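*Asks:* Please work out how this folds:
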Amino acid sequence: MEQKGLRSHLTGTLPISIAIHAAVLLALVGIPLVANVVVPTVVVTLPDYVRVAPMPPPPVVVAVRPPSTSPSTQQPDSAPQVPTRAPDSIAPERAFTSPGPEVPGAVSGFPGDEGAVPLGTAITAQPPPDPPKPAGPVRVGELPVAPRKIADARPVYPEIARSARVEGTVVMEAVLDTAGRVTQIRVIRSIPLLDQAALDAVRQWRYTPSVYNGRPVSVLMTITMRFTLQ
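*Replies:* Here you go, the predicted structure:
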């Protein structure tokens, strides 16, 4: 009885299970085929920056010529010929002879040479030429020793400048001759009421002579004179 009941139970549920599995399988396979599936479009166009990019330039071909060979550098077609016959005799080498002692009156150099110098005579070096003398006056800064004033004269304060209470500094440029006297003078910084008094005083000054490269020269110097009311 038990076996008959079990067999009837299995016989009734088996078809139902097969039908359920078939329905599930059909749903899994058939629904994707019937559904409206949107397929993504494939972009086959390139971006603008790639499309408009210029083509690379063609490679540069440089023609290289082989170096030309001059006739002097070309190799000889054939090797130098080597003598195959031995010489009959070998000449002895001549011994080297050192020069003998100096002979009085002998001359060094080739015969007839204008620059030939008798041997044994001392050659004296010529002194260097004297440096060129300056064309114009030499500035005080270029002298080894600046000129020194040996005669002085005090300027006379003009009465009109004293009355106007004018003070200041007059700057002059003077030229001294080779004896130290003031020969030329000019004002380079002026005070109109005091210029003439300064010029009159400096013209009476005298300096020691100046020497440049062992020669007396004239000197260009700047003189400053200060006027102050007491």
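*Asks:* check contacts around the closest residue to Glu142 other than its chain neighbours.
*Replies:* Among residues not flanking Glu142 along the chain, Tyr212 sits closest, at 7.2 Å (CB to CB, 6 or more residues apart in numbering). All C-beta atoms are positioned from the backbone trio N, CA, C, and that covers glycine. For Tyr212, the contacting residues are Pro134, Val138, Glu142, Leu143, Pro144, by CB atoms under 8 Å, 6 or more residues apart in numbering.
*Asks:* Now tell me which helix or strand of the protein has the poorest mean pLDDT.
*Replies:* Using mean pLDDT, DSSP states H and E, the weakest-scoring helix or strand in the chain turns out to be strand 107-108, at a mean of 52.
*Asks:* which residue ranges form the helices in this protein?
*Replies:* Here the chain has its helices, by DSSP state H, at 2-34, 48-51, 159-163, 195-202.
*Asks:* Comparing those helices, which yields the minimum mean pLDDT?
*Replies:* Mean pLDDT is lowest for helix 48-51 among the helices of the chain, at a mean of 54.
*Asks:* any idea where the strands of this structure begin and end?
*Replies:* Remark: strands assigned in the chain by DSSP state E are 107-108, 117-118, 138-139, 149-151, 168-176, 182-189, 206-207, 210-212, 215-217, 219-227.
*Asks:* Give the pairing partners of the fifth one; include direction for each.
*Replies:* In this case it means strand 168-176. Paired strands of strand 168-176, with direction, are strand 182-189 (antiparallel), strand 219-227 (antiparallel) (DSSP bridges).
*Asks:* which of the residues in the first one are buried?
*Replies:* What that stands for is strand 182-189. Neighbour-count burial for strand 182-189 flags Val182, Ile185, Val187 (criterion: 16 or more other CB atoms under 10 Å).
*Asks:* what's in contact with that strand?
*Replies:* 169-177, 195, 198-199, 202-203, 205-206, 218, 222-223.
*Asks:* If you go by neighbour count, which of the residues you listed are buried?
*Replies:* Applying 16+ other CB under 10 Å to the contacts of strand 182-189 flags 170, 172, 174-177, 195, 198-199, 202, 205, 218, 223 as buried.
*Asks:* want to throw those into JSON lines with distance to Pro155?
*Replies:* Converted to JSON lines, the buried ones among the contacts of strand 182-189 look like this (distance: CB to CB, whole Å):
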{"residue": "Val170", "distance to Pro155": "9"}
{"residue": "Met172", "distance to Pro155": "11"}
{"residue": "Ala174", "distance to Pro155": "14"}
{"residue": "Val175", "distance to Pro155": "20"}
{"residue": "Leu176", "distance to Pro155": "19"}
{"residue": "Asp177", "distance to Pro155": "22"}
{"residue": "Asp195", "distance to Pro155": "11"}
{"residue": "Ala198", "distance to Pro155": "6"}
{"residue": "Leu199", "distance to Pro155": "9"}
{"residue": "Val202", "distance to Pro155": "8"}
{"residue": "Trp205", "distance to Pro155": "11"}
{"residue": "Ser218", "distance to Pro155": "24"}
{"residue": "Ile223", "distance to Pro155": "11"}
